[in-house]
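[1] What would the 3D arrangement of this be:
(one chain, ligands or ions: 2)
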Amino acid sequence: MKIDLKTSSPEQTEQFAASFAALLKAGDIITLDGDLGAGKTCFTRGLVKGLGSDAMVSSPTFTIVNEYEGGRLNVYHFDTYRLGDSEEFLMSGLDEYFYQGGVSVIEWSSIITDIIPAGSIGIDITGNGDERYFSVDMPEDRFDALKTIVEEMGS
Ligand code: ADP
Ligand code: MG
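    Ligands and ions are numbered 1, 2, ... in the order given. Predicted structure coming up:
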């Protein structure tokens, strides 16, 4: 089930992500798609903060995955931009992270769509200037909770 919201600043995106983090459970997989500069890493930064970690969040472009600890759930932050395809992802054993009891956040997930487990959370980001439009595909069991968060943000 999908819900949309707009943010008008990086701070607001982080704030939304931090609220969103409260809905997360062990084993969740979040796909983040949108152009370069859409706000995928900004969203991840807010999410990690919202889980209570003070880890520094930066783009894992060169390392493919960064791990952030110290919060309610560990976060495995992927950037698959430099991967050719899902086979390369699997050959590197990166899918192991999906089953470690943390939260996997995957920037540029479209490269590995075919191996994303069912029931994942899908977020698409578009926009320009300071405005960003988020389309969140949320599992039904947590949709109402997300709707409440979105409504509280007043968009
Ligand atoms: P991505 O990881 O998708 O490439 P980043 O999160 O690294 O994007 O960068 C997003 C850029 O867009 C930052 O420079 C940020 O300051 C800017 N920005 C402007 N408005 C917003 C907004 N509403 N939400 C998120 N980022 C925004
Ligand atoms: Mg990024």
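[2] from here on, contacts and neighbour counts on C-alpha atoms
    OK.
[3] Can you tell me how far the nearest residue to R72 once chain neighbours are set aside is from E152?
    In space, R72 comes closest to L51 once its chain neighbours are excluded; the distance is 5.3 Å by C-alpha to C-alpha, 6 or more residues apart in numbering. Between L51 and E152 the distance is 19 Å, computed by C-alpha to C-alpha, to the nearest Å.
[4] of those two, who's got more company?
    L51 (23 against 10; other C-alpha atoms under 10 Å).
[5] if I pick that one, what's in contact with it?
    Contact analysis of L51 by C-alpha atoms under 8 Å, 6 or more residues apart in numbering lists 18, 21-22, 71-73.
[6] ok, and the helix or strand in this protein with the lowest average confidence?
    Least confident helix or strand, the chain: helix 86-91 with a mean of 95, by mean pLDDT, DSSP states H and E.
[7] How far off centre is it?
    20 Å (C-alpha atoms, centre = their mean, to the nearest Å).
[8] Can you tell me which of the contacts of L51 are buried?
    18, 21-22, 72-73 (16 or more other C-alpha atoms under 10 Å).
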